[in-house]
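Enquirer: Need coordinates for the following:
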Amino acid sequence: MIIQFVKNISASSKESILQMVKAQEYKTTEVLTQQGHYLICIGKKEFDLRTLGHMPGIADIHRVSDDYKLVSRKWKVNRSQIDLGDGVVIGEGSLSIMAGPCSIETEQQVEGTLTHLQANGVRIMRGGVFKPRSSPYAFRGLGVEGLKMWYQLARAKGIKIVTEVMQVSQIAEMYDYVDVFQVGARNTQNYNLLDELGKVDKPVMIKRGISGTIEELLYSAEYVFSGGNEKLLLCERGIRTYEKASRNTLDINAIPILKEKTHLPVIADPSHGIGIREFVEPVALASVMAGADGIIYETHQQPEKAASDGQQTLDFEESARLINRLQKAYALVQSF
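Expert: Okay, the predicted model is just below:
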């Protein structure tokens, strides 16, 4: 059960509600976010919600059977939208395209990518400055100094940025230079990191774990929401299966399932999902047809010279074609 408190609820009203809920043998957890004040109530005893609904201080009350209560769609009439400012909104009613290199490498590379994105109407650039690599000898990113350079160039073009945070200690130093914190597949169940991201007032995009279930992804989002941050995005980026023909197996099934289970925007990552450049476009288009609210993919002026993931990265010509076709696919979906 979720109880929504009215804004600026009085201490006496809140205490009365707490006592009434506890009398029903329910455990309670209070959650205060940027957008609301909630009481999460866990218990098995069935009772008439009308016995609570009339009490002063309650704006609304919802019965939610899912264990991941705050991210569940069962209590939200409207789907959540994430406003990044300057007219950039992610969620129902538009298709968000996020593109850029796997790794931020040089100022020249960033400028070229920003010019490409701006020419094609893309308002969000992806890129990594802290790179979790399987090999300790591979390129691992430019760090905070690279992030600052990228941020300044992107701001001059009116483009927002999304980049991965890998550990709690990086959050504060990155905070002023990111628009969306990304939690990568390897950190989806790093609960210390998720707890800390619940305390920040910046959107967080959580990627599905390498072998994670849909339910586990929703639990990860619940950690951040219950910590106080409801500006959340979910990303299907492919999972590890026994199949060896592609890097991962992009779970197209997950997109409509997540849209049914949660009110949060759902993003698809075809670059990591299949890991083969020539197949990124069809998988991206399939994701739009399945209902994705956004697509995040990798592009580089010269993929063969990219510091990382060149085999799954589109060149600018391929990227421009994909953007055009994504927009057409989304228009087709909207016409149904």
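
Enquirer: the helices in this protein, which residues?
Expert: 11-23, 50-53, 107-119, 143-157, 168-174, 191-197, 214-226, 254-261, 270-274, 277-289, 316-335 (DSSP state H).

Enquirer: To residue 248, which of these lies closest?
Expert: helix 270-274 (5.7 Å; C-beta to C-beta). For every residue, glycine as well, the C-beta is placed using N, CA and C.

Enquirer: List just the one of the helices of the chain that sits closest to residue 79.
Expert: Here helix 254-261 is closest among those (C-beta to C-beta), at 8.3 Å.

Enquirer: ok and the closest one relative to helix 214-226, angle-wise?
Expert: In terms of direction (axes from the mean of the first three to the mean of the last three C-alpha atoms, to 10 degrees), helix 254-261 departs from helix 214-226 by 50 degrees.

Enquirer: Against which helices or strands is helix 254-261 packed?
Expert: helix 214-226, strand 232-236, strand 266-268 (3 or more C-beta pairs under 8 Å, 6 or more residues apart in numbering; DSSP states H and E).

Enquirer: if we go to 6 Å?
Expert: strand 232-236, strand 266-268 (3 or more C-beta pairs under 6 Å, 6 or more residues apart in numbering; DSSP states H and E).

Enquirer: Turn these into CSV, including mean neighbour count, mean pLDDT and distance to residue 115.
Expert: Formatted as CSV, these follow (neighbours: other C-beta atoms under 10 Å; pLDDT from 0 to 100; distance: least, C-beta to C-beta, whole Å):
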stretch, mean neighbour count, mean pLDDT, distance to residue 115
strand 232-236, 26, 98, 26
strand 266-268, 26, 98, 24
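
Enquirer: Tabulate the ones you listed (CSV), appending distance to residue 166.
Expert: Conversion of those to CSV gives the following (distance: least, C-beta to C-beta, whole Å):
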stretch, distance to residue 166
strand 232-236, 16
strand 266-268, 19
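
Enquirer: for those, which one sits closest to residue 294?
Expert: Once those are compared by C-beta to C-beta, strand 266-268 is nearest, at 4.2 Å.

Enquirer: Starting from the closest one, tell me which strands it pairs with and how they run.
Expert: strand 232-236 (parallel), strand 294-298 (parallel) (DSSP bridges).

Enquirer: Helix or strand with the lowest mean pLDDT in this protein?
Expert: helix 50-53 (a mean of 86; mean pLDDT, DSSP states H and E).

Enquirer: And that helix, what does it pack against?
Expert: Partner elements for helix 50-53 (3+ C-beta pairs under 6 Å, 6+ apart): none found.

Enquirer: contacts for that helix?
Expert: residue 61 (C-beta atoms under 6 Å, 6 or more residues apart in numbering).

Enquirer: Also stretch 89-107?
Expert: So stretch 89-107 is contacted by 79, 81-83, 113, 122, 124-129, 131, 141-142, 146, 149-150, 162, 265, 293-300, 307-309, 330 (C-beta under 6 Å, 6+ apart).

Enquirer: So which bits of it are buried?
Expert: Neighbour-count burial for stretch 89-107 flags 89-91, 95-105 (criterion: 16 or more other C-beta atoms under 10 Å).

Enquirer: Please apply the same query to stretch 230-249.
Expert: Result for stretch 230-249 [16+ other C-beta under 10 Å]: buried residues 230-239, 246-248.

Enquirer: just stretch 69-83 next, same as before
Expert: Quick answer for stretch 69-83 (16+ other C-beta under 10 Å): 69, 70, 71, 72, 73, 75, 76, 79, 80, 81, 82.

Enquirer: can you list the domain ranges for this protein.
Expert: Split into domains by automatic domain parsing, the chain comes to 2-63, 81-335.

Enquirer: Point out the most buried one among the ones you listed.
Expert: domain 81-335 (a mean of 19; mean count of other C-beta atoms under 10 Å).

Enquirer: Quick one: distance of that one to the chain centre.
Expert: The chain centre lies 8 Å from the centre of domain 81-335; the measure is C-alpha atoms, centre = their mean, to the nearest Å.

Enquirer: Now the terminal residues of that domain, how far apart.
Expert: Start-to-end span of domain 81-335 (C-alpha to C-alpha, to the nearest Å) is 21 Å.

Enquirer: Stretch 22-40 too?
Expert: 12 Å.

Enquirer: Show me what that stretch is in contact with.
Expert: 2-5, 21, 41-43, 45, 47, 69, 201, 226, 228, 230.

Enquirer: what's the answer for stretch 282-297, then?
Expert: 90-91, 96-99, 126, 250, 252, 255-256, 259, 265-271, 273-274, 280, 326, 329-330.

Enquirer: What average pLDDT does it get?
Expert: The average pLDDT for stretch 282-297 rounds to 98.

Enquirer: Tell me where the model's unsure across the stretch 51-200 of the chain.
Expert: Across the stretch 51-200 of the chain, residues meeting the criterion (pLDDT under 70) sit at 131-140.

Enquirer: ok, back up a step: Serialize the strands paired with strand 266-268 to a markdown table and add fields for distance to residue 171.
Expert: Formatted as a markdown table, those follow (distance: least, C-beta to C-beta, whole Å):
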| stretch | distance to residue 171 |
| --- | --- |
| strand 232-236 | 16 |
| strand 294-298 | 21 |
